[in-house]
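Student: Fold the following.
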Amino acid sequence: MNSWLISFQTDRAGRDADVHLLLPGEAFTLAEAACDRMGATWWPDGGPPDTQGCYWRWPQGTVWLNRITLLSEREAADLNGLNFLEAWTVEGTRHAPVIRDAGGTAWEDAYRA
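Tutor: Take a look at the predicted model:
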């Protein structure tokens, strides 16, 4: 299984924040689909966002996908061992990615401030 370091930038009420996540998955196309799904559902209570590629805008803020970086096995193990990044796993298909955390919570059900 591959692991990617995913980087998003959010802007909410004029406050910028960088969000970095670990994302293990089988293939880049699945990781890319997961990033698209994550960005499109960042603030689920805001309705469907205005979307332009790797950029999503809601009334409450914006999200940009900055980077998808494939990690070596060593890099992935080191970052996992530090326990400071959220880790999500992607399964399913490119057209229907299923994104869950270690506890089994679906991305769409998680709170993202």
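Student: Please enumerate residues in contact with the helix or strand bottoming out on mean pLDDT in the chain?
Tutor: Scoring the helices and strands of the chain by mean pLDDT, DSSP states H and E places strand 50-51 at the bottom, with a mean of 87. For strand 50-51, contacts defined as CB atoms under 8 Å, 6 or more residues apart in numbering pick out 40, 56-58. Just so you know, the C-beta spots here come from the backbone N, C-alpha and C atoms, and that holds for glycine as well.
Student: any idea which helix or strand comes after it?
Tutor: Per DSSP states H and E, the first helix or strand lying C-terminal to strand 50-51 is strand 55-58.
Student: May I have the strands that pair with that next one, each with its orientation?
Tutor: Strand 55-58 has the following strand partners under DSSP bridges: strand 50-51 (antiparallel), strand 61-71 (antiparallel).
Student: Highest mean neighbour count across those, which stretch is it?
Tutor: Among the strands paired with strand 55-58, strand 61-71 has the highest mean neighbour count (mean count of other CB atoms under 10 Å), at a mean of 17.
Student: Quick check: which helices or strands does the next helix or strand after that one pack against?
Tutor: Going down the chain from strand 61-71, the next helix or strand is helix 73-82, by DSSP H and E. Applying 3 or more CB pairs under 8 Å, 6 or more residues apart in numbering; DSSP states H and E, one finds that helix 73-82 makes contact with strand 2-12, strand 15-25.
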